[in-house]
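Participant: can't give you the sequence, but here's the structure:
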């Protein structure tokens, strides 16, 4: 069974920082790209960042470029999102996302974690 479990959400002051983690299981983690997606109150889903497993490259939404850093530890099956210079508009539930084929499975599916709340407020 594929599981994505986020942690690290908190209340942060503007200009502060936070680090989110997503622990993955149920698939060969190192083979797949991992992404972070967020949903602000009353708004739709917004893609934040992706770590491409094939090339080791990272991409970011313009809204977070230069402030957020995605990384991964394949030995620990974990992807991270380091967030700095946080703004009130970064307030959202942050989800870990992957499109993977489960171990022993035949087909690819989309998987989401349960989300972790980040609130940026003074």
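Facilitator: Good, I have the coordinates. Just so we're clear, the structure is a prediction, and the values are computed from it rather than from any experiment. Numbering: from 1, shown residues only.
Participant: ok, the residue nearest the centre of the chain - contacts?
Facilitator: Centroid-nearest residue in the chain, with Cα atoms, centre = their mean: residue 36, separated by 2.8 Å. Applying Cβ atoms under 8 Å, 6 or more residues apart in numbering, one finds that residue 36 lies in contact with 20, 22, 48-50, 70, 79, 81, 94-97. The way it works is simple: take the backbone N, C-alpha and C, and place the C-beta from them, glycine included.
Participant: Likewise for residue 46?
Facilitator: So residue 46 contacts 37-40, 61, 63, 92 (Cβ under 8 Å, 6+ apart).
Participant: That one belongs to a strand?
Facilitator: Yes - assessed with DSSP: H, G, I helix; E, B strand; the rest coil, residue 46 lies in a strand.
Participant: Now stretch 48-58: average pLDDT?
Facilitator: The average pLDDT for stretch 48-58 rounds to 92.
Participant: Please shift the residue numbers so they start at 860 in all later answers.
Facilitator: With 860 as the first residue, the last one maps to stretch 907-917.
Participant: residues in contact with it?
Facilitator: For stretch 907-917, the external contacting residues (Cβ under 8 Å, 6+ apart) are 889-897, 918-920, 923, 927-931, 938, 940, 953.
Participant: so how far is the first residue of it from its last?
Facilitator: 11 Å (Cα to Cα, to the nearest Å).
Participant: Can you get me a residue count around residue 950?
Facilitator: A count of nearby residues for residue 950, using other Cβ atoms under 10 Å, gives 17.
Participant: Let me see the ranges of the helices in the protein.
Facilitator: For the chain, no helices are identified by DSSP state H.
Participant: give the contact list for residue 906.
Facilitator: When the contact criterion is Cβ under 8 Å, 6+ apart, the partners of residue 906 are 894, 896, 920.
Participant: check contacts around the first one.
Facilitator: Each residue near residue 894 by Cβ under 8 Å, 6+ apart is listed here: 906-910, 955-957.
Participant: ok, now the last one?
Facilitator: The contact partners of residue 920, taken as Cβ under 8 Å, 6+ apart, are 905-908.
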